[in-house]
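Asks: need a structure here:
(one chain, ligands or ions: 1)
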Amino acid sequence: MARTALVTGGSRGIGAAISKALKAEGYNVAATYAGNDEAAAQFTEETGIKTYKWNVGDYEDSKAGIAKVEEELGPVDVVVANAGITRDAPFHKMTPDQWQQVIDTNLTGVFNTVHPVWPGMRERGFGRIIVISSINGQKGQFAQVNYAATKAGDLGIIKSLAQEGAAKGITANAVCPGYIATEMVMAVPEKVRESIISQIPAGRLGEPEEIARCVAFLASDDAQFINGSTISANGGQFFV
Ligand code: CAA
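Replies: So this is what the prediction gives:
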């Protein structure tokens, strides 16, 4: 029977590429989105992938949404915690609200997405948790104290979950994309973006599909012994 995969923020950007790659691998895919109804409807029309709307920053919302996905598509075997936002500002200008919004979505959102599916994965003896972190969680980034904190936090989450889940057939891994050609990166002022690209040895932004292929591999049976790991996909921009 086909496995079910849940991709948060799965109708746009890197998430959309992941949803499509997993569908191509034969998974039943549920893609969540936060607000853009039009983009989600268009995504479903183009791909046939079902979309579900909820706020990953809200635990009860996430729990109810996941219950609906499981009712319609079956138990969630693969979670891709991808939903993320930026609220960039130099630290001296960063507001408590900018801090909190990013923490709620990017970090608490991972807890809220994984926690409801964890007991079922333990019972069934299989699960895949894949968190989309970032190069900026590994190296920090000017104007991203909030974002970098959440993306570094993701790495703590997967390393801890790996130890708890291993005996139950569950793996937890992270992918750290570098700068990928998505709306999020295109929102960076052009001059800053050009200067960033000049620091990427590959000489270009990455493509969302290059991240999606990492995720599809980590979700597969072949990746069973890879647990608590981080795959960096950044064109050689940063090594850990
Ligand atoms: N390193 C050093 N200095 C920098 C800098 C950098 N990377 N970026 C900006 N600065 C400097 C500017 O030159 C300017 O200096 P001066 O005051 O001497 O002129 C100062 O910092 C910025 O001052 P501003 O008043 O212009 O700052 P602002 O309040 O308008 O904020 C900004 C501008 C938000 C920092 C904007 O430059 C920006 O968005 N930068 C990009 C941040 C970034 O890389 N975000 C990553 C987004 S992509 C992503 O997050 C996906 C992923 O996972 C990789």
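Asks: Flag every buried residue along stretch 108-126.
Replies: Under the neighbour-count criterion of 16 or more other C-beta atoms under 10 Å, stretch 108-126 has 108-114, 116-118, 121-122, 126 buried. Where C-beta positions appear, they are placed from N, C-alpha and C, glycine not excepted.
Asks: Out of those residues, flag the one nearest to Val240.
Replies: Val110 (19.8 Å; C-beta to C-beta).
Asks: Give me the phi and psi for the closest residue to that closest one other than its chain neighbours.
Replies: Residue nearest to Val110 in three dimensions, not counting chain neighbours: Ala81, with 4.4 Å by C-beta to C-beta, 6 or more residues apart in numbering. Main-chain torsions, Ala81, degrees, to the nearest 10: phi -90, psi 100.
Asks: Just grab the bridge partners of Ala81 for me.
Replies: Counting by DSSP bridges, Ala81 is bridged to Val131.
Asks: That one against Phe111, yeah?
Replies: No. Ala81 is not in contact with Phe111 according to C-beta atoms under 8 Å; the separation is 9.1 Å.
Asks: about what we covered before: check the buried residues of stretch 108-126 against Glu46 and report the nearest one.
Replies: Thr113 (24.3 Å).
Asks: contact partners of the helix or strand hosting the closest one?
Replies: Element membership of Thr113 [criterion: DSSP states H and E] is helix 109-114. Helix 109-114 is contacted by residues 6, 8, 56-59, 61-63, 66, 79, 81, 83-84, 129, 131, 154, 157, 161 when judged by C-beta atoms under 8 Å, 6 or more residues apart in numbering.
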